[in-house]
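Engineer: build me a model:
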Amino acid sequence: MNQQMLRAIKDSIVVKEKIAMDSILLSAIELATLKIIACFQQKGKVLFCGNGGSAADAQHLAAELSGRFYYDRPALQAEALHVNTSFVTAVANDYGYQHVFSRMVEASGREGDVLVALSASGNSENMCLAIEAAKKCGMHVIGFTGQTGGKMASLCDITLKMPSSDTPRIQEAHILIGHIICEQIEKSIFPRH
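Structural biologist: Prediction:
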């Protein structure tokens, strides 16, 4: 068991080392950060979506922005699209699960807002439909995916492709990148003197 645990830790480190050495990915992360900062500076909001573990990550990152990250400061408008279970179950029942995120994007997405879509595979139909709905209403779309980007790669404005095909390692990298983005947003919008 110890060898399996060490292997998982080492594999996670390798993914993060690859990110640190990928100048294209680092530039994309910086661009995504600047896009979200601009959205907040224009009084916009950031909507997050994901399935399963990525739903938990979406909710986690939304909370870092709407609550606080490193220090107390005004709240930023950020929300995960799946947190209203009555809405999700009603839409899933009435329209099909593939529409649970796109319906909420249609309801609350506005031009200039940002959709952050998290998917290890990049192929989830409900994510792709949410991205299409976001584009229709003039939102910017940032995708967090695995190494291929899946179908989302061609739909997103910015795709942050983690250098792995292993779902747990991808999700660990998503949280790392999400935390980096949250930190930069907080420092940029609410600098401490």
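Engineer: need the residues that contact the helix or strand that contains F101.
Structural biologist: Per DSSP states H and E: F101 is located in helix 100-108. Outside helix 100-108, the residues within contact range by Cβ atoms under 8 Å, 6 or more residues apart in numbering are 45, 47, 49, 81-82, 84, 87-88, 91-92, 95, 115, 126-127, 129-130, 132-134, 137, 139. The C-beta positions use only the backbone N, C-alpha and C, and glycine is treated the same way.
Engineer: mind listing which of those are in helices?
Structural biologist: If you go by DSSP state H, these have F87, V88, V91, A92, N126, M127, L129, A130, E132, A133, A134 in helices.
Engineer: longest helix in the chain, by residue count?
Structural biologist: For the chain, the helix with the greatest residue count under DSSP H is helix 167-189.
Engineer: alpha carbons only: can I get it in PDB?
Structural biologist: These are the backbone C-alpha positions of helix 167-189, laid out as PDB (Å, rounded to 0.1, in the frame of the first residue of the first chain):
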ATOM      1  CA  THR A 167      -8.700  11.900 -13.700                       C
ATOM      2  CA  PRO A 168      -7.500  12.300 -10.100                       C
ATOM      3  CA  ARG A 169      -4.300  13.900 -11.200                       C
ATOM      4  CA  ILE A 170      -6.200  16.200 -13.600                       C
ATOM      5  CA  GLN A 171      -8.600  17.300 -10.800                       C
ATOM      6  CA  GLU A 172      -5.700  17.900  -8.400                       C
ATOM      7  CA  ALA A 173      -4.100  20.200 -11.000                       C
ATOM      8  CA  HIS A 174      -7.500  21.900 -11.500                       C
ATOM      9  CA  ILE A 175      -7.600  22.900  -7.900                       C
ATOM     10  CA  LEU A 176      -4.000  24.100  -8.000                       C
ATOM     11  CA  ILE A 177      -4.600  26.300 -11.000                       C
ATOM     12  CA  GLY A 178      -7.900  27.500  -9.600                       C
ATOM     13  CA  HIS A 179      -6.200  28.500  -6.400                       C
ATOM     14  CA  ILE A 180      -3.500  30.300  -8.300                       C
ATOM     15  CA  ILE A 181      -6.100  32.200 -10.300                       C
ATOM     16  CA  CYS A 182      -8.100  33.100  -7.100                       C
ATOM     17  CA  GLU A 183      -5.000  34.400  -5.400                       C
ATOM     18  CA  GLN A 184      -4.100  36.600  -8.400                       C
ATOM     19  CA  ILE A 185      -7.700  37.900  -8.600                       C
ATOM     20  CA  GLU A 186      -7.800  38.800  -4.900                       C
ATOM     21  CA  LYS A 187      -4.400  40.500  -5.000                       C
ATOM     22  CA  SER A 188      -5.200  42.400  -8.200                       C
ATOM     23  CA  ILE A 189      -8.700  43.700  -7.300                       C
END
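Engineer: many thanks, I have nothing further to ask.
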